[in-house]
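Asks: Okay, sequence plus prediction incoming.
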Amino acid sequence: MKMGESSNDDLLGLLLQSTDCNEGGNNSKNIRLTVDEVIEECKLFYFAGQETTSVWLTWTMVVLSMHPNWQEHAREEVLQVCGKNTPRFESTNHLKIVTMILNEVLRLYPPVHGMFRQTAQKTSLGGISLPANVDLYLPTILIHHDPEIWGEDSAEFKPERFSSGISSASKEHLAFYPFGWGPRICIGQSFATIEAKIALAMILQRFSFELSPSYTHDPRTVISLQPQFGAQIILHQL
Ligand code: HEM
């Protein structure tokens, strides 16, 4: 970095080009990052991106073990679209059932269960007037489970809710926000979705799976929403 050498075709390279140490970068002086800020950005990307996606896939394996019919539907679709080949980015757009399943898992088990905000100034929100410095919690998991929004079967795993897309899945607009919303929406949303589709497709191509008798269903919040006692799953090679 001190030699002024960094590539601009990956995230770390772009961050390094934005530092005070790299005068050759494209950014104007007033938005340069310090080295400490680059380190913090790297930690944020690792923390925000790794645990969330892995727990999403974990819940998907658990839920598809509980619903072998959906596991079979998803496998049939993957084999139809990709055969036994490694799924490519382009094929992920054709995985409709896999997408419905992944969305329904995000609805029932959102890895980020809620978001925190603070009013910077006096704010009017939904007809309520809030003073400055009020802490707000937006409980994603409660909204995702609300029977008034999703229907009496809101607690059930029903990927068909999403068969006509996200906007038709619920009675309320903006009732599904596993990646947040607005200016701070998850920057890794598309990356995570492609990653999850490819990983799930590769697992379905190779294995059928079922829950081990030792599995106990007990979702708990440990920063992200996790299976408290682990996810013991038995894989059968196909
Ligand atoms: C299932 C996977 C994921 C879920 C559920 C998820 C969820 C979220 C949510 C809800 C937020 C907004 C937090 C807030 O507004 O307070 C967020 C922000 C963020 N996410 Fe993700 N995320 C996922 C994957 C990823 C991946 C793969 C990356 C990076 C490669 C990533 C990077 C980030 C970053 C950097 C932010 C902060 C953005 C900002 O503050 O402007 N996330 N994520």
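Replies: Yep, it's here.

Asks: By mean pLDDT, which helix or strand of this protein comes out lowest?
Replies: Within the chain, judged by mean pLDDT, DSSP states H and E, the helix or strand with the poorest mean is helix 11-17; its value is a mean of 86.

Asks: by contact count, what packs against that helix?
Replies: The contact analysis (3 or more CB pairs under 8 Å, 6 or more residues apart in numbering; DSSP states H and E) places helix 11-17 against helix 35-66. Where you see a C-beta, it was placed from the backbone N, CA and C, and this is true even at glycine.

Asks: What residues sit buried inside the helix it packs on?
Replies: 38, 49, 51-53, 55-65 (16 or more other CB atoms under 10 Å).

Asks: mean confidence for it?
Replies: Average pLDDT, helix 35-66: 94.

Asks: Whether that helix contacts the ligand - can you check?
Replies: Yes: contact of helix 35-66 with the ligand (CB under 6 Å from any ligand atom) involves 44, 45, 48, 49, 52, 53, 56.

Asks: Residues of this structure that sit close to the ligand?
Replies: So the chain meets the ligand at 44-45, 48-49, 52-53, 56, 111-112, 115, 178-180, 184, 186-188, 191-192 (CB under 6 Å from any ligand atom).

Asks: Nearest residue to residue 191 in space, please, no chain neighbours.
Replies: Take residue 191 and drop its neighbours on the chain: the residue closest to it by CB to CB, 6 or more residues apart in numbering is residue 49, 7.4 Å away.

Asks: In which helix or strand does residue 221 reside?
Replies: strand 219-222 (DSSP states H and E).

Asks: average model confidence for that strand?
Replies: Strand 219-222 comes out at a mean pLDDT of 91.

Asks: Tell me which other helices or strands that strand touches.
Replies: Using 3+ CB pairs under 8 Å, 6+ apart, strand 219-222 sits against strand 224-227.

Asks: repeat that with 10 Å
Replies: On a contact count with 3 or more CB pairs under 10 Å, 6 or more residues apart in numbering; DSSP states H and E, strand 219-222 meets helix 35-66, strand 224-227.

Asks: Show me which positions of the strand or helix carrying residue 235 end up buried.
Replies: Using DSSP H and E, residue 235 sits within strand 233-237. Neighbour counts over strand 233-237 (16+ other CB under 10 Å) mark residue 233 as buried.

Asks: Leaving out sequence neighbours, find the closest residue to the residue of the chain found nearest the ligand.
Replies: Per CB to the nearest ligand atom, residue 188 is where the chain lies closest to the ligand, at 2.2 Å. In space, and not counting its chain neighbours, residue 188 is closest to residue 49: 5.1 Å by CB to CB, 6+ apart.

Asks: and that neighbour, how far is that from residue 13?
Replies: Separation of residue 49 from residue 13 (CB to CB, to the nearest Å): 17 Å.

Asks: So which of the helices and strands packed on strand 219-222 is nearest residue 18?
Replies: The closest of the helices and strands packed on strand 219-222 to residue 18 is helix 35-66. By CB to CB, the value is 7.6 Å.

Asks: Show me what the strand holding residue 235 is packed against.
Replies: With contacts defined as 3+ CB pairs under 10 Å, 6+ apart, strand 233-237 has these neighbours: helix 35-66, helix 189-206, strand 207-211.

Asks: and residue 218, which of those is closest to it?
Replies: Of all those, helix 35-66 comes closest under CB to CB, at 11.1 Å.

Asks: follow-up on the earlier one: I'd like to know which of the helices and strands packed on strand 219-222 is closest to residue 166.
Replies: Closest approach to residue 166 among the helices and strands packed on strand 219-222 (CB to CB): helix 35-66, 15.8 Å.
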